[in-house]
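>>> Below: sequence and its predicted model.
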Amino acid sequence: MTFDKRFYEFSGECNYLLARDFIDGTFSVIVNYEKTGGRPVRKSLTVMSKDKTIVISMDGTVMMDKTRVEMPLELDDITILREQNRIIVNNKRGVTIACDLAHNQCSVEVSGWYYGKTAGLMGTYNNEQVDDFTTIDKERLHATGQFAASWSLGARCKPINYAVEAGNEVVPEPSGYPVCAQFFVSENSPFRKCFRVVNPEPFMKMCLSDTLINSDRVIREEDTCNTAAFYISECQRVGVPVKIPSVCVRCELEDGRVFSEGQNVTIRSEEVPHSADFVFIIQHGECNKKMLESVKHVVVNLEKILLGEGLKNNRYSIIGYGGQGISSAAHIHTIGGQVFATAKTFSLGIANFKATSGSKNDAMAAVKYATNLPFRVGVSKNILLLPCDACRQGQATFSELQQLLLFRDISLHILMPYNFMFKNKRNTDTTFIFGVDRETVYTRKDAGTADLVGDSEIRPQILMPKDLCVALSEETDGSVFNTLQYTDTRPYIQKRFMDVLVRVIADKAEPSDCQICDCKPDEVGAGKADCRHCVRPNPIYDVLPNFETSGLRSPFYDTLDISEPSVVYPTDISPKKSTPKKSTPKKSKKQLNGRKRTTRKRRLERPDGQ
């Protein structure tokens, strides 16, 4: 579709100029094809802006000046972001290129400042469709192949159009007609309310063309999804919200089975994947400067422990927040161009993560953002938060995150610079404490032991930080670790700290042995699994936790302010305290009835309340 909304089908074998500013030369966009299996396939888009050349590949990788880069990236007049299944390039002079990787589509938008200045396969942008097929020699043509060939770049190209177009086929009623018509013709179409605003006829023809490519088999509803996604994006562009058909929202189980939106699948025992997804949420800030290098070692050591416990094919992701510019709000920090990657490639993503902080930081919004990542069906879901500032209610509230984390069965671990203290013995040395969870204190004694026991007897005596994210960590059977034990200690202590940290996280990373999974659409309509424990969680805090009023000595929490004007904080509700008990070796996962620790099971109740 051109800027002036002229539709045509084209697929070539070369590189072609899509659009260029022919007056001031501020930008150029090129589409690159290559032959695969005898047919041309769009491989990538090249964006030239100022003195930079950016190549967006449909596998999610981005190159700049022939060097692979990670997102987000911000230069003088260009920003590149990854938003799950989308890559967005913004030229600050009014050009936006967005690629929907799930549906193999890219769009180019230009501001009114470029009116009458552009030319290429996307036309002349002057509100006149009649001259959209103007060649580079300013000749108007009718044949699509010849028009496209005039804008080819590099090697000499044949003026051949490989695209299959329904209007040119001698087929009175293609087999895909009923499938396409239900979306683009029928009065019962889910897109009906947009028909008067965005003409569905060109999309109907586009849909039929797509079905002709697959004419050697039975046409299915899902064959229309790419065209449906295109139509939906045009409707949303003009302010008409329409929903992608449920059949297009598809999720895949580990065994290859597929289910769609509106269906739910229960997986039990051996059907549950022995695998885990981990998300590192890192605040851009000086306090994490030393930890950035350490995060790589956390992943390497964690992966070793996970493999030893039978958890394989584990994935890792990075979310940043609190930085400058486009890094201020929560954002995906890609690893080799991907949202999730393996432990082997994790270092690619963390290598250029900047510690420079911005003026805003919202850890709770970042946690909420992370809960919406595309986790795999049935795997264990784990978030590791590395904050520099205390959690406050902002875009996300405590109760909202409580529900999201509990009902999506996500564990929250916190790695922060906080020296633990005893409640009634503030001056007592606690440097031997590495971290805590809801029941146990983990110390230097736990390093290298055969069984990770911890000390449950002193847990009730520990003064926990007055922090909302710490309370959420308790809710989700997570843990809290003091990063000062790694950044400000000798190598001997660092090694022991790392050993305890990764073993605790791995111990809590076993997937639940019974899960109910739904398939829901993401921001472009692609399927995203949403799995929860078969038994409904029972929160510890029914309302916002009432922290102890005694002050904390750590400067990390001196700025904590939970007095949000819109929230009433109770005075008679305080976190439940565990009863002191003797330290006993924890049972292995095989000894437990399920794969979650017993601490999680006590917090669950049946849906019928029994």
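Looks like it arrived, so ask away.

>>> Am I right that Leu306 sits in a helix?
Yes. Counting by DSSP: H, G, I helix; E, B strand; the rest coil, Leu306 is part of a helix.

>>> who are the neighbours in contact with it?
Ala276, Lys312, Asn314, Ala506, Ala509 (C-beta atoms under 8 Å, 6 or more residues apart in numbering). Every residue, glycine included, has its C-beta placed from N, CA and C.

>>> Find the nearest non-adjacent residue to the first one, please.
If I follow you right, that is Ala276. Nearest residue to Ala276 in three dimensions, chain neighbours excluded: Ser380, at 4.0 Å (C-beta to C-beta, 6 or more residues apart in numbering).

>>> related to what we said a few turns ago, and the contacts of Leu306 as JSON lines, adding neighbour count and secondary structure?
Formatted as JSON lines, the contacts of Leu306 follow (neighbours: other C-beta atoms under 10 Å; DSSP: H, G, I helix; E, B strand; the rest coil):
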{"residue": "Ala276", "neighbour count": "28", "secondary structure": "strand"}
{"residue": "Lys312", "neighbour count": "12", "secondary structure": "coil"}
{"residue": "Asn314", "neighbour count": "23", "secondary structure": "coil"}
{"residue": "Ala506", "neighbour count": "24", "secondary structure": "helix"}
{"residue": "Ala509", "neighbour count": "25", "secondary structure": "coil"}
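
>>> now, among those residues, which is nearest to Leu302?
Among the contacts of Leu306, Ala506 lies closest to Leu302 (C-beta to C-beta), at 6.2 Å.

>>> May I have the secondary structure class of the residue nearest to the spatial centre of the chain?
Relative to the mean C-alpha position of the chain, the nearest C-alpha, by C-alpha atoms, centre = their mean, is the one of Leu373, at 3.6 Å. Secondary structure, three-state DSSP: Leu373 is coil.

>>> ok, now which ones touch it?
Gln84, Asp277, Val279, Ser317, Ile319, Ile332, Val339, Phe340 are the contacts of Leu373 under C-beta under 8 Å, 6+ apart.

>>> most neighbours, which of the residues you listed?
Val279 (26 neighbours; other C-beta atoms under 10 Å).

>>> beta partners of Arg20?
Beta-bridge partners of Arg20, counted by DSSP bridges, are Ser28, Ala119.

>>> That one and Ser28 touch, don't they?
Yes. Arg20 is within contact range of Ser28, at 4.3 Å (criterion: C-beta atoms under 8 Å).

>>> and the contacts of Leu373, which of them are in strands?
In strands, defined here by DSSP state E, the members of the contacts of Leu373 are Asp277, Val279, Ser317, Ile319, Ile332.

>>> hmm, back to that, turn the contacts of Leu306 into JSON lines, columns for pLDDT.
Output for these, formatted as JSON lines (pLDDT from 0 to 100):
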{"residue": "Ala276", "pLDDT": "99"}
{"residue": "Lys312", "pLDDT": "98"}
{"residue": "Asn314", "pLDDT": "99"}
{"residue": "Ala506", "pLDDT": "98"}
{"residue": "Ala509", "pLDDT": "98"}
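
>>> Look at the closest residue to Glu128 other than its chain neighbours and say how many residues are nearby.
Once flanking residues are discounted, Glu128 sits nearest to Asp4: 6.3 Å by C-beta to C-beta, 6+ apart. Neighbours of Asp4 under the rule other C-beta under 10 Å: 16.

>>> any idea how far Asp429 is from Gly256?
56 Å (C-beta to C-beta, to the nearest Å).

>>> and the two? which has more neighbours close in?
A side-by-side neighbour count of Asp429 and Gly256, using other C-beta under 10 Å, places Asp429 first with 9 against 6.

>>> Which strand or helix spans the more buried one?
Element membership of Asp429 [criterion: DSSP states H and E] is none; it lies in no helix or strand.

>>> where do the helices sit along the stretch 251-400 of the chain?
Under the criterion DSSP state H, counting those that start in this stretch, the stretch 251-400 of the chain contains helices at 289-308, 346-350, 363-371, 398-407.

>>> Dump those to a markdown table, plus mean pLDDT and distance to Glu457.
Output for those, formatted as a markdown table (pLDDT from 0 to 100; distance: least, C-beta to C-beta, whole Å):
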| stretch | mean pLDDT | distance to Glu457 |
| --- | --- | --- |
| helix 289-308 | 96 | 26 |
| helix 346-350 | 96 | 37 |
| helix 363-371 | 98 | 31 |
| helix 398-407 | 95 | 28 |
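
>>> Determine which of these approaches Arg42 most closely.
Of all the helices of the stretch 251-400 of the chain, helix 346-350 comes closest under C-beta to C-beta, at 25.4 Å.

>>> Might you calculate how far that closest one sits from the centre of the chain?
16 Å (C-alpha atoms, centre = their mean, to the nearest Å).

>>> for stretch 127-143, same thing?
Relative to its parent chain, stretch 127-143 has a centroid offset of 41 Å by C-alpha atoms, centre = their mean.

>>> Stretch 4-12 now?
So, by C-alpha atoms, centre = their mean, the centroid of stretch 4-12 is 32 Å from its chain's centroid.

>>> all numbers from here: first residue = 4
Sure, I'll start numbering at 4, so the last one becomes stretch 7-15.

>>> Just the C-alphas of it, formatted as PDB.
Extracted C-alpha coordinates of stretch 7-15, given in PDB (Å, rounded to 0.1, in the frame of the first residue of the first chain):
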ATOM      1  CA  ASP A   7      -1.800   7.600  -0.900                       C
ATOM      2  CA  LYS A   8      -3.400   4.100  -0.200                       C
ATOM      3  CA  ARG A   9      -3.000   2.500  -3.700                       C
ATOM      4  CA  PHE A  10      -2.800  -1.200  -3.300                       C
ATOM      5  CA  TYR A  11      -0.800  -3.600  -5.400                       C
ATOM      6  CA  GLU A  12       0.900  -7.000  -5.100                       C
ATOM      7  CA  PHE A  13       4.600  -7.200  -5.700                       C
ATOM      8  CA  SER A  14       7.500  -9.600  -4.900                       C
ATOM      9  CA  GLY A  15      10.800  -9.300  -6.600                       C
END
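
>>> Outside of it itself, list whatever touches it.
By C-beta under 8 Å, 6+ apart, the list of residues contacting stretch 7-15 reads 4, 36, 42-43, 45, 124, 126-132, 135-136, 147-148, 151-152, 155, 160, 163-168, 205, 208-209, 212.

>>> what about the helices in the chain?
All helices of the chain, identified by DSSP state H, fall at 147-153, 180-187, 204-216, 228-240, 292-311, 349-353, 366-374, 401-410, 471-478, 487-490, 494-510, 601-604.
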